[in-house]
Every structure is written in C-alpha cells, then in structure tokens.
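how does the following fold in three dimensions:
(2 chains)
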Amino acid sequence: MDEKPDDRHQSIHATTPVVGSELTFGSVTDKISAIVLKRKTPFGWFVGFAISFALFQLMMLAIINLLFKGIGLWGVNIPVGWGLDILNFVWWIGIGHAGTLISAILLLLRQRWRTSINRFAEAMTLFAVAQAGVFPLMHLGRPWLGYWLFPYPNTMGIWPQFRSPLMWDVFAVSTYATVSALFWFVGLIPDFATLRDRANNKSFRLVYGMLAMGWRGSARHWHRYETAYLLLAGLATPLVLSVHTIVSFDFAVGIIPGWHATIFPPYFVGGAIYAGFAMVLLLTIPLRKLYGLESFITMRHMHNMAKVMLATGLIVVYGYMIEAFFGWYSGNQYERFMIWNRMHGPYAPYYWALILCNGVTPQLLWFKKIRSNLLVLWLISLVVSIGMWLERFVIVVTSLHRDFLPSSWGFYSPTQWDWAMFIGTIGFFFALLFLFIRFLPMISIFEMRTILPEAEVDEG
Amino acid sequence: MVKTKASRLYGVMAQFDNPSTLVAAARETYAAGYRKINGYSPFPIEELSEAIGFTRTGLPLIVLAGGIIGGLGGFFMQYWMEVINYPLNVGGKPFNSWPAFIPITFECIVLCAAFAAVFGMLALNKLPQPYHPVFNAPNFALATRDSFFLVIESKDPKFDHDEARRFLKSLEAREVVDVEL
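This next block holds a predicted model:
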C-alpha cells in the first residue's frame, strides 16, 4: 500500500515526463491563464481570425442564396442525390470524434498525457459537430421545417419514421452535440473559477465569475465533480462509437452496391478517429509554436498522436481491402462492377488519390525520425485530412452514380455553391477556434496541476 | 460579547502550501473529533475527501436513474407512436419492430444519464451559489492557484473559537484566519 503511489510515480514520470519538469502549480496557472487574461493577443491571431471570419461570411452568403433559390443551386440530382453536403457532414462529424476519444476514452484508460490536449480537442469536437449539422439541415430543402424531424405533438397528427437510419442520425448527432457540450462545460467550471480569481478586468471577472457558478474547490465538490466527470466519460465512450456507427448505417442499411456492407460501422469509426487525430495535429503543431506551449504539449504528445494516427490508418486500409474483397467474393455482378468502376471508372483518380493519401502516406509514420519532424508530421496530417475527404467522396459518389440500371447512370460534379458552403464551414470552424483560444483556457489548468509531481500526496 | 462574535463567525481557516500537509492536517482534525470540516484545493485530491470523512455520494444512483428513465422513455415513446398512436406499415415490417428502435433508445439513455450526471452534480454541490463565506478569507483567491485550505466550521458541536485556532496552528499551517459570515 505504501509503495503503490511511488511505483506509479516512477513509471509515469521517470522515463519520459508528460510535461516539462520546471512547471509548478503557480507557473502552470499563470502561463495558461495569461494567454486569456494578460498576454497581448498575437498579430497572427487577428490575421487568422479575419481570414476565417471572411470565409464564414462566404458560408452565410451560400446559405442565403440557397434559401432563396433552393438546393438546385448544388450539383446534386438523381442519381447522385447525396453529394458534397452528406460527405462534408460525415467528414466533419468524423473530425469531432478524436476530441471525444482524447477526452473520454483516454481518461478511462488513464493515459495522463491526454491532459495537455483534451480541452482543445473537445473544443474542436464541438465546433466540428456544429459544421456537420449545417449540411443535412440545409439539404432538407426547407430548413425552416427542420423541427419536423423531432417527435413533437403536432396538428398534422403524425410522427417521425423511427425505422429510418436518418432519424437515428438526428438523435445520435443531437445527443452527441449536447453531451459534448456538457462534458466541455463541466471540464471548464474549475478553470472559470481560476480565471475569475486571476482577472484584473472587472467585466472579465464578472463573466468568468458567472460561468464558474461560485466554484470554490471544496473537497466535497471535487469528490462529486470527479464522479460526474468519470461517469460522463463512461457515457461518452459508447456514445462516440454509436454516433459514427449510426452515421455509417445511413449507408449500410441501404441496398446500393458498395454501401450494403457489415464492415461499415468499424470502418467508419476507425476513419473518424484517423481524420480527427490528423486535425488535432494540424491545429496543435502551429498553435504550440505560436503560443510557446512546448513544455505543455511535448514531443511525447506528438509521437503518441502520430502512433494513434498510424494505427487507425491501418484500420482504414484494412477497410479498403475488405471492400474490394467483398466485391470480388460476393459473386454479385453489381458489387463487382462497383469496385471495378471505382478503380477504373470516371472517378478513378479520386480513388487512387485516396489510396495514396490514406494508405501509402501514413506508412511514413513507422519511422521515428519522421514522427519527430514536426513539419513533415504536419504535412502528413494535411494529406490524411484530404484523404479522408476523398474517401467519403468515393463512398458517396461512386456508389450512387452508377447503380443497377445503366439507363439511370449519371455524373456528379459539385458547383461553386457546393464549394462555397464547404470552404465557408472551414472558415466558421476556424473562427470559432480562434475565439476559443482567445477567451478560454485552451489547456485544462486544473488537470495540468494534477499531473505535476508535486500533486502526489505523500503520506509518509 | 463572545456570543455575538461566534454567531457572526463561519469558521476558522488554515492555509497550507502543499497537498500533503493539507491531507495530514485534515486527518488530524478529523481524528481530533471535528466533523464540520472542509478542505479547499486547486485540483481534486482523492485522499482529502476521504480524510474529512466524505467518501460516499449518491450521484451514481442519480445517473443510473437518469439512464433508466431515458431508456424506458426512449423506447416506449417510439412504441407508443409507431404501434399505438399511429400504426403505419413501413415495408411490411411489424409495427413493433423493436431492433430498429434500439439506436434511438440508446441515444436517449446516454442523453438522460449525461443530464443527470451534470445537473445532479451541480444540484448536490448546491451550485450555482454566488455567495459563500469562504470567499471573505484574505488569501482565498489562491485556492484556485497553488494554495490549500482547511476550515473548521463554527457549526461543529466541538467548536470553540480559541481552541480551534490553537489546534490549526499546531498543524504546520502557514496562516490561520477567522472567516466571517
């Protein structure tokens, strides 16, 4: 009993420290809260926010135009009724999943390195889910009737069709957004209290004070808080797996060749985590440089994230191989044609670009030298993000554009308004992230304190 | 004189520099027979809540109740709508096609349990609470930075102002102050 804490201490801190060894309770608090309260906002922040806010306006323009003219503005039509809008939805939701994985699953697995990046990754989840929601809502055609998706007593006397995966999606995504927001807010409460007590500016103190709700770090409160946080992590873990499983049901429950496959749920979840970790790396590498957070987000974090990316990348590659195997082994001419058409049809360049981006490039991560080179790691993450977008394009478009009857074949190409919506959501995502890093602590301060060596209670 | 002073007193607070001295002090205070005591720290310390004799919380039960209510509510909402209120033949499937109702049932379990966890935690902690006497203590802003506090409340049956001050001073405290209501 007496040696136990010591052993744990040894195994975690002795070999590779999670964070810089010079940190103390005070310096952790001051360094992170200073980004919000004291430090001059870097010039790069204004430039980045201005660009992303301008792109957000492009999204607003695309939406207004869409509301006036209808979804004929987009490239979608029969046979490809699900174009860029559904694939962007799946892409954004997938990106969000890494945040929940880092904050919930790694918490349950006692991976203490997660502490440096969980707050940021959770924010990324929330903002990515917000972008994802825009697409199906706008794709409804009459988005102002979107509330019809929810079962509320209405004068029409009818109910939603609960046997449809699209209804499951409504519940899964809205639950995911709500639970992610709750988890994020609960994690922020003690840090709001820290900011309240550090702020010199009266209005900041007032706002953070209200958000902290009178948090005072009482031992009884902490006990219930820890229980609630752990239970939320336990709830979020199956939730995150269910969300992308249900998203994959949108496809897998249909009978379209290339969609009707049992591999879809795990393949989608793996791909989601893959895309999400790529996005976390894409964002943290420049951010840690810009704000000098090297002692919080160390090379160990970079290595671990690169390894998770490699592992999930291999799951995705396995999915591609199984898809091809299914096509061949099914003996079904439509399934065989679908695979042949993916590899040799009009969209073949997309397929091979996808294999190059998602299958070949991440193999570089086997080498420690490459994982240690942040520029290369950043570029690989960018390639993976593009690759995951291409994957969804291939799944959605190549299956739909040539299904059973050659007389119903068609071709899909996105219009400028499709692209405006997509680029606009990227702008919205980054605008929200810039506001987040300016006004909220991007690293969980209280959790950073718990992983410092001085936080160990010595009961000698 | 003495009586009015005691009635305006919330308790006596000691400040410590690190978690180990706080936990040791909390254990000694509890052993000395004080029961209305509380620790304050900038991060959760498992040993601390145990030291002040607070080890059980009803929160897991509240979350379980939330999950059960969500699960039953989610399933029977669908059952009532699709079987009783407006039966509709969809692709020849049975009205009670329960496997198709499972995904939404699951999401309702998670949603209600998560609400129960967050709002249950806040309610048991009596938050939001804009005012609390401990905020009157001069150094208490450091409780969210790097300082650790232990309070013996005046409500404690064993509480005697001078005795409590003397006791806390004997526990390696950096400073002992009175906290007014």
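
can you give the domain ranges for chain B?
B:2-56+B:131-180, B:59-124 (automatic domain parsing).

make a markdown table out of those domains and add mean neighbour count.
Just so you know, the C-beta spots here come from the backbone N, C-alpha and C atoms, and that holds for glycine as well. Putting the domains of chain B into a markdown table (neighbours: other Cβ atoms under 10 Å in any protein chain shown) gives the following:
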| stretch | mean neighbour count |
| --- | --- |
| domain B:2-56+B:131-180 | 19 |
| domain B:59-124 | 18 |
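
of these, which shows the lowest average pLDDT?
Here the domains of chain B differ in mean pLDDT, and the lowest is domain B:2-56+B:131-180 at a mean of 90.

picking up where we left off before, could you dump the domains of chain B to TSV with distance to chain A?
What follows is the domains of chain B, written out as TSV (distance: least, Cβ to the nearest Cβ, whole Å):
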stretch	distance to chain A
domain B:2-56+B:131-180	4
domain B:59-124	4
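
which one of the ones you listed lies nearest to A:L182?
Taking Cβ to Cβ, domain B:59-124 is the member of the domains of chain B nearest to A:L182, at 4.9 Å.

ends of that closest one, how far apart?
The straight-line separation of the ends of domain B:59-124 (Cα to Cα, to the nearest Å) is 8 Å.

re earlier: could you dump the domains of chain B to a markdown table with distance to A:F46?
Converted to a markdown table, the domains of chain B look like this (distance: least, Cβ to Cβ, whole Å):
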| stretch | distance to A:F46 |
| --- | --- |
| domain B:2-56+B:131-180 | 30 |
| domain B:59-124 | 35 |
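
between those domains, which gets nearest to A:W215?
domain B:2-56+B:131-180 (7.9 Å).

and the domains of chain B: which comes nearest A:I426?
Once the domains of chain B are compared by Cβ to Cβ, domain B:59-124 is nearest, at 28.0 Å.

now the phi/psi pair for the residue nearest the centre of chain A, please.
The centroid of chain A falls nearest to A:G96 when counting by Cα atoms, centre = their mean (1.7 Å). In terms of degrees, to the nearest 10, the main-chain angles of A:G96 are phi -60, psi -30.

need the contact list for it.
The contact partners of A:G96, by Cβ atoms under 8 Å, 6 or more residues apart in numbering or on different chains, come to A:124-126, A:128-129, A:132, A:176, A:180, A:272, A:276.

need the max-distance pair from those.
Using Cβ to Cβ, those span at most 15.3 Å, a distance reached by A:L126 and A:A272.

okay, these two: which has more neighbours?
A:A272 (30 against 21; other Cβ atoms under 10 Å in any protein chain shown).

just the element for the more buried one, please.
helix A:264-290 (DSSP states H and E).

so which bits of that helix are buried?
Buried residues in helix A:264-290, counted by 16 or more other Cβ atoms under 10 Å in any protein chain shown: A:264-285, A:288.

repeat that for stretch A:148-164.
Neighbour-count burial for stretch A:148-164, counted by 16+ other Cβ under 10 Å, picks out A:149, A:151, A:159-160, A:162-163.

what residues does it touch?
So stretch A:148-164 is in contact with A:167, A:170, B:77-78, B:81-82, B:85-86, B:88, B:90-91, B:93, B:97, B:100-101, B:104, going by Cβ under 8 Å, 6+ apart.

could you list the low-pLDDT ranges of the stretch 101-250 of chain A?
The stretch 101-250 of chain A contains no residues with pLDDT under 70.

got the angle for the one helix or strand A:S381 maps to vs helix A:264-290?
Here A:S381 is covered by helix A:374-393, with elements defined by DSSP H and E. Taking axes from the mean of the first three to the mean of the last three Cα atoms, to 10 degrees, helix A:374-393 and helix A:264-290 form an angle of 150 degrees between their directions.

which helices and strands does helix A:374-393 pack with?
If you count contacts as 3 or more Cβ pairs under 8 Å, 6 or more residues apart in numbering or on different chains; DSSP states H and E, helix A:374-393 packs onto helix A:84-100, helix A:264-290, helix A:299-329, helix A:348-354, helix A:368-372.

okay, the angle between that helix and helix A:84-100?
Relative orientation of helix A:374-393 and helix A:84-100, computed by the same axes, to 10 degrees: 130 degrees.

max-length helix in chain B?
helix B:98-124 (DSSP state H).

what packs against that helix?
Using 3+ Cβ pairs under 8 Å, 6+ apart, helix B:98-124 is in contact with helix A:165-198, helix A:219-252, helix B:59-79.

out of those, which gets nearest to B:G11?
So among the helices and strands packed on helix B:98-124, helix A:219-252 is nearest, using Cβ to Cβ, at 14.2 Å.

would that closest one count as contacting chain B?
Yes: counting by Cβ under 8 Å from any Cβ of the partner chain, chain B is contacted by helix A:219-252 at A:219-228, A:231-232, A:235-236, A:238-239, A:242, A:246, A:249.

if any of those are buried, put those into a ChimeraX selection.
Of the residues of helix A:219-252 next to chain B, the buried ones go into a single ChimeraX selection, burial set by 16+ other Cβ under 10 Å:
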select /A:219,220,221,222,223,224,225,226,227,228,231,232,235,236,239,242,246,249
